[in-house]
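**Q** Predicted model and sequence follow; I will ask about them next.
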Amino acid sequence: MKPTTDQMIEMLRTMLTIRHFEVTARTQYGHNRDLGSFLGALHSYEGQEAIAAGSCACLRCDDYVLSSHRGHGHFIAKGGDVKAMLAEILGKESGCSRGRGGSMHMFDVKLGLLGGNGVVGGGIPLALGPAFSAQYRGTDQVSAAFFGEGASSQGVFHEAMNLAALWRLPIIFMCENNRYAVRTPACEGVSVPEISVRAAGYGCPGVTVDGNDPVAVFEATSEAVARARAGDGPSLIEAVAYRQQPHCMVIAENRQEAELEQMRECDPLPNYETRLLTERLIDHQQLQAMKDEVTNLMDEAVAYAEAAPYPDPAAVHDYLWA
Amino acid sequence: MRTVTYVRALNEALSEEMARDDSVFIIGEEVGGVFGVTRGLDRRYGERRVRCTPISEAAFTGLGVGAAMSGLRPIVEIMYVDFITVCWDQVANQAAKLRYMSGGQVKLPLTIRAQQGNLTREAAQHSQHIEAWFAHTPGLKVVMPATVEDAKGLLKSAIRDDNPVVFLENRLLYELKGPMPRDEYTIPLGVAKIQREGTDITVVATSNALQKSLAAADQIADEVSVEVIDPRTIVPLDTETILASVRKTGRLLVVHDAPARLGFGAEVVRLVTEQAWDALQAAPRVIGGLNLPMPFSPVLEDVCIPDVPRIAETIRQVARS
Ligand SMILES: Cc1ncc(C[n+]2csc(CCOP(=O)(O)OP(=O)(O)O)c2C)c(N)n1
């Protein structure tokens, strides 16, 4: 299915929001570090915005998402509140996980966001659960697992694909191939040039799409979602993009400047803006207005997150048991 | 009361909870068969609710965790607890932590059932007692029924609990016969039971070690008055019942089949020495399994786990010291 004009414009908004959020989060992280407060690892989604935007545009509010350690984009694209996410990154009580999760663990159960994961691949088998649950309860909800190409070498990926295909679970395996796992290029970590071919080994469809193009991601995902809702089982989508920032804030960049420079040309954001302008789906004024809105949203988020109180140390035991 | 086997009690608990709540389902390898705990449930409740899986513990345990987060009440069966290693991430990093990490947003009404035990001559990868692994992981409840009545009542509570519960059965107890109430009942998690009253020494014992300790206490009943306590759940632990007993007897022995090193017994001794030091009249002791992978040869296996004579002798020693 092709996205409607409204959906195409909304995908741009989502991508802009993610990009601005990541820049804001990195800045906040830096401020805190300068003040002597170290906030762990922060994994930037910059360069992969089109994947979250294109795929989540095909999901309903009551569909489920199991995210990864690089999950800010999924949170925004599924409708999460950026104020709550920034507060979470700063370890505040009003964070979306009440400061108990941090950057890798964004939850919003009302939106079907069942968390990121600190264990590479850990969320993949979890995503079987909501898919099973939807099938069991007889609803047409679907579940989406987001993970990197590095995670596709984990055993759980293969177990989950097999089980999902065997039971025709309504699940979308969304593999974000951003070309690197920390410092290991995909070609040194994965035995096939295209991860999507692995779907054949489990008897389910697999495609590789341009992860810099939200429309391509949308088209592939909408097909996979339709198949899942119809009871025809799982699909594997490999969306190829490029991680623009270092692996995380605590690991130095090891890639050549020339490569980084060259890859900037594939930056999904300016390319998609140009496309929408050229196709006259928006004009310059509308684009500027959208950017201003996003900027304001980030300013609000920073003000909110900075002012938000920290959790009460006396409440450290809260939330362990139901 | 009716007299039934432990395995039958477990089977009834599963069946009653499935009848009571459609969100309860069973998932695991060969469910409906093998040890008889799930026997007949596949016919009664159908494939939708009794799901035989491929040999993919990580996938189906993860599925259970995810299903619990999205409104179901899964019972995951691990055929032998030893195999928990291949899905340990899903148990220890996911099931145990996701509620806390979500700031209390997700609920995890998940039961993981497994059997442990030894003396079936299956060697080191089928004979472990690993309750301490689970108990050392914050976010998991750990239940170890030692009697027929407890098997049913505790399993029903485990299933109804909104938290991840690891329910450790003992295969040596499966054919144990014992009384069970006729009417519906549950037994709360976190409440110990004094299985035998006495005044000279407190013996805390779990699972099959409880049965062995009761037998040992019987054997030496003329010499020593032994109080035997079954904690029934090691997380949460009913510390009060244990402390009250030690305050009365002044002596403590903990018995379990798991290795003694860094085990449940060490934890009970810690709690008692910290909180009831003044009451102790003798050094507390622990007897547990040897710190070894379980050997295959029957003559070797038999020396690895505390038996009734050794428990009786240790009780005598502590009582006299
Ligand atoms: C099980 C596990 N092994 C290793 C790590 C350390 N680690 C964190 S992210 C990462 C790379 C993951 O690569 P990929 O799945 O491609 O995702 P990306 O970071 O590229 O988005 C590694 C090795 C981890 N968190 N979990």
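**A** Now that the structure is in, tell me what you want to look at. This is a predicted model, so every value here is computed, not measured. Numbers count the residues shown, from 1 in each chain, chains lettered A, B, ... in the order given.

**Q** show me where the chain has helices.
**A** You didn't say which chain, so I picked chain A. Applying DSSP state H to chain A gives helices spanning A:5-34, A:49-56, A:72-77, A:82-89, A:123-137, A:155-167, A:186-189, A:214-229, A:257-263, A:268-278, A:284-307.

**Q** hmm, I had chain B in mind actually
**A** Using DSSP H, helices in chain B cover B:6-20, B:41-49, B:57-69, B:88, B:98-101, B:131-135, B:148-160, B:207-219, B:239-249, B:264-275, B:298-301, B:308-320.

**Q** can you put those in CSV and add distance to the ligand, mean pLDDT and mean neighbour count?
**A** Yep, even glycine has a C-beta here, placed from its N, CA and C like the rest. As requested, the helices of chain B are exported to CSV (distance: least, C-beta to the nearest ligand atom, whole Å; pLDDT from 0 to 100; neighbours: other C-beta atoms under 10 Å in any protein chain shown):
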stretch, distance to the ligand, mean pLDDT, mean neighbour count
helix B:6-20, 34, 98, 21
helix B:41-49, 32, 96, 14
helix B:57-69, 12, 98, 30
helix B:88, 11, 98, 16
helix B:98-101, 14, 98, 25
helix B:131-135, 19, 98, 22
helix B:148-160, 29, 98, 24
helix B:207-219, 32, 98, 23
helix B:239-249, 36, 98, 19
helix B:264-275, 29, 98, 18
helix B:298-301, 35, 97, 12
helix B:308-320, 42, 98, 18
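
**Q** Which single residue of chain A ends up nearest chain B?
**A** residue A:129 (1.7 Å; C-beta to the nearest C-beta).

**Q** what's near enough to touch that residue?
**A** By C-beta atoms under 8 Å, 6 or more residues apart in numbering or on different chains, the contact set of residue A:129 is A:143, B:62-70, B:72, B:74.

**Q** at 7 Å instead, please
**A** Residue A:129 makes contact with B:62-70, according to C-beta atoms under 7 Å, 6 or more residues apart in numbering or on different chains.

**Q** per-residue confidence at it?
**A** pLDDT for residue A:129: 98.

**Q** Leaving out the residues flanking it, which one is nearest to it?
**A** Leaving aside its chain neighbours, residue A:129 sits nearest to residue B:66 (1.7 Å; criterion: C-beta to C-beta, 6 or more residues apart in numbering or on different chains).

**Q** what's near enough to touch the one you found?
**A** A:126-130 are the contacts of residue B:66 under C-beta under 7 Å, 6+ apart.

**Q** For those, which PyMOL command selects only the ones that are buried?
**A** Those of the contacts of residue B:66 that count as buried under 16 or more other C-beta atoms under 10 Å in any protein chain shown are selected in PyMOL with:
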select buried, chain A and resi 126+127+128+129+130
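
**Q** State the distance from the nearest residue to residue B:295 once chain neighbours are set aside to chain A.
**A** Using C-beta to C-beta, 6+ apart and skipping the chain neighbours, the partner closest in space to residue B:295 is residue B:301 (5.7 Å). Applying C-beta to the nearest C-beta, to the nearest Å, the value for residue B:301 to chain A is 32 Å.

**Q** Quick check: the closest residue to the ligand within chain A vs residue A:118, distance?
**A** When scored by C-beta to the nearest ligand atom, chain A has residue A:148 as its residue closest to the ligand, at 2.3 Å. Residue A:148 sits at a distance of 13 Å from residue A:118 (criterion: C-beta to C-beta, to the nearest Å).

**Q** Over to residue A:65?
**A** 16 Å.

**Q** Can you check the pLDDT for the closest residue in space to residue A:1 that isn't next to it in sequence?
**A** In this structure, residue A:1 finds its nearest non-sequential neighbour in residue A:222, 4.0 Å apart by C-beta to C-beta, 6+ apart. On the pLDDT scale, residue A:222 is placed at 98.

**Q** Run through the residues of the stretch 201-322 of chain A sitting next to the ligand.
**A** A:243, A:247 (C-beta under 6 Å from any ligand atom).

**Q** Next: the stretch 51-200 of chain A.
**A** Checking the stretch 51-200 of chain A against the ligand by C-beta under 6 Å from any ligand atom, the hits are A:69-70, A:118-120, A:147-151, A:178, A:180-182.

**Q** could you redo the last one with a cut-off of 5 Å?
**A** Applying C-beta under 5 Å from any ligand atom, we find that the stretch 51-200 of chain A lies next to the ligand at A:70, A:119-120, A:148-151, A:178, A:181-182.

**Q** domains for chain B, by residue range?
**A** B:2-180, B:193-320 (automatic domain parsing).

**Q** now the ones you listed in a markdown table, with distance to residue A:75?
**A** What follows is these, written out as a markdown table (distance: least, C-beta to C-beta, whole Å):
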| stretch | distance to residue A:75 |
| --- | --- |
| domain B:2-180 | 13 |
| domain B:193-320 | 33 |
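
**Q** Tell me which of those lies nearest to residue A:248.
**A** Closest approach to residue A:248 among those is made by domain B:2-180 (18.2 Å; C-beta to C-beta).

**Q** Would you mind measuring from the residue nearest to residue A:72 when sequence neighbours are not counted to residue A:76?
**A** Distances taken as C-beta to C-beta, 6+ apart put residue A:45 closest to residue A:72, at 5.2 Å, once the chain neighbours are dropped. Distance, residue A:45 to residue A:76, using C-beta to C-beta: 9 Å.

**Q** Quick check: neighbours shared by the two?
**A** Joint contacts of residue A:45 and residue A:76 (C-beta under 7 Å, 6+ apart) are residue A:18.

**Q** In the stretch 201-321 of chain B, what residue comes closest to chain A?
**A** residue B:236 (8.9 Å).

**Q** Quick check: phi and psi on that residue?
**A** Dihedral pair for residue B:236: phi -70, psi 150, per degrees, to the nearest 10.

**Q** With adjacent residues omitted, what lies nearest to it?
**A** Nearest non-adjacent residue to residue B:236 (C-beta to C-beta, 6+ apart): residue B:190, at 3.8 Å.

**Q** So that neighbour is in contact with residue B:239, correct?
**A** No. Using C-beta atoms under 7 Å, residue B:190 is not in contact with residue B:239; the gap is 9.8 Å.
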